[in-house]
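A.B. asks: Generate coordinates for the sequence data below:
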Amino acid sequence: SKFAGWRTSDATQIDAIADSAADSQSHFEAMVQLLVAAGYFRARIPVLSPFDKVVGGLAWCITASSMDVDITFHENATIGQKIRIGESIERALHAMACPQTLRAHQIQGLDYAAIFPILQWLVKQVYAIRQDIGDAMRRQTLVHLTQHCEEA
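C.D. replies: Numbering: from 1, shown residues only. Sure, this is the predicted structure:
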């Protein structure tokens, strides 16, 4: 039975809103898992807001990618601070030649669908720089070992 005044289009709109909320939650959970796997363990702290987890993770990834940027992240930021953080991240991503565009308002508004692919790209950058550092350390160790063996 239908309620008076209830239209099928209203039900479709409500279903779309519920699906959108479920998609957002799914993206958020995937981003938290991705950040933790990359080494940003603050994303596990339950008392941090979603903004602090996700945007703090973006800032951490940029810094962990050895990018020389000025991103001042504040937990529990005001709207003005969130906008400035978003602008700093937007500039950093541009400087890093990120293949996709992420705008400050998407960061400030936690547009998970827009942030998720950027976060995936950033985590790949973190892994790549770690690989480069590991390779360089192995080469340096080999050089030192070779020199030490020749001296002995």
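A.B. asks: where's S88, which helix or strand?
C.D. replies: Using DSSP states H and E, S88 falls within helix 79-95.
A.B. asks: any idea which helix or strand comes after that helix?
C.D. replies: Counting by DSSP H and E, the next helix or strand C-terminal to helix 79-95 is helix 104-108.
A.B. asks: Now do that following helix: which elements does it pack against?
C.D. replies: helix 79-95, helix 112-151 (3 or more CB pairs under 8 Å, 6 or more residues apart in numbering; DSSP states H and E). (Each C-beta comes from the backbone N, C-alpha and C, glycine too.)
A.B. asks: got the CA coordinates for the helix holding S88 in CSV?
C.D. replies: Extracted in CSV, the C-alpha atoms of helix 79-95 (Å, rounded to 0.1, in the frame of the first residue of the first chain):
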residue,chain,number,x,y,z
ILE,A,79,36.4,26.7,7.7
GLY,A,80,39.0,29.3,6.8
GLN,A,81,41.9,27.0,7.7
LYS,A,82,40.3,24.1,5.8
ILE,A,83,40.1,26.3,2.7
ARG,A,84,43.7,27.3,3.0
ILE,A,85,44.7,23.7,3.6
GLY,A,86,42.8,22.7,0.5
GLU,A,87,44.4,25.5,-1.5
SER,A,88,47.9,24.3,-0.4
ILE,A,89,47.1,20.8,-1.3
GLU,A,90,45.7,21.9,-4.7
ARG,A,91,49.0,23.8,-5.4
ALA,A,92,51.1,20.9,-4.3
LEU,A,93,49.3,18.4,-6.5
HIS,A,94,49.8,20.8,-9.4
ALA,A,95,53.5,21.1,-8.7
